[in-house]
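*Asks:* have a look; sequence and predicted model below, questions after that.
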Amino acid sequence: SLNINPFFNDDPRSKPQRGTQWEAGLKGDLFNNRLQFTLSWFNITQTNIPTNNPFYDGTNERFLFIGAARSRGVDLDLTARLAEGFNVIANVSAFKYRITDDPDPKLVGKRNANVAPRSANLWASYEFHKGALSGLGLGSGITYASSRWGDDSNTYKLPAYTLWDAGLWYYVPVFGGSSL
């Protein structure tokens, strides 16, 4: 893959960020498509990864470039339609993300900054399909991210966090029976 980042176009040291990936998994539909799941294992290697310079003081280089990093892990996604209009979505991920090559040999083997090795989320929603409330939907969910390193040298950790979100929406019918 190729990732072009406009923040680094003027930096003569910048090169295209590149990556290779393999993934294997299982996907299934159970109970007459009321429960769907995806389980995948992945291995991603990236090169030329831009990162903030922790020692930037306005007179030196603002960004550094990690030589290469690898991410290996597993991801599980579940979607359940428990009743007409009532859906639950769950996801859990766990992986290891390590620097595998860098001009600074002290960084090799360290974990990249701000990458939580574990995360999970759970979301439930209900959409009205009949009556005066037809088109109205509401939902709520939580997202968790584990603690992670605050810098590429792994000198301090950022705490784990949990977010709660809620949503309210309404589908507006438009020409041809579609919705906005």
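*Replies:* In hand now; what should we look at?

*Asks:* would you tell me what the next helix or strand after the strand or helix carrying Thr79 is?
*Replies:* Secondary-structure element containing Thr79, defined by DSSP states H and E: strand 63-83. From strand 63-83 onward toward the C-terminus, using DSSP H and E, the following helix or strand is strand 86-101.

*Asks:* strand partners (parallel or antiparallel) of whichever helix or strand comes after that following strand?
*Replies:* Stepping forward along the backbone from strand 86-101, the first helix or strand reached (DSSP H and E) is strand 118-127. Under the criterion DSSP bridges, strand 118-127 sits next to strand 86-101 (antiparallel), strand 136-145 (antiparallel) in its sheet.

*Asks:* alpha carbons of strand 118-127, as PDB, please.
*Replies:* Included here for strand 118-127 are C-alpha records, laid out as PDB according to Å, rounded to 0.1, in the frame of the first residue of the first chain:
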ATOM      1  CA  ARG A 118      -5.900  -4.100  23.000                       C
ATOM      2  CA  SER A 119      -9.300  -2.500  22.200                       C
ATOM      3  CA  ALA A 120     -12.900  -3.400  22.300                       C
ATOM      4  CA  ASN A 121     -16.300  -1.800  21.600                       C
ATOM      5  CA  LEU A 122     -19.900  -2.600  22.000                       C
ATOM      6  CA  TRP A 123     -22.800  -0.800  20.300                       C
ATOM      7  CA  ALA A 124     -26.500  -1.300  20.400                       C
ATOM      8  CA  SER A 125     -29.100   0.400  18.200                       C
ATOM      9  CA  TYR A 126     -32.800   0.400  17.600                       C
ATOM     10  CA  GLU A 127     -34.500   1.700  14.500                       C
END
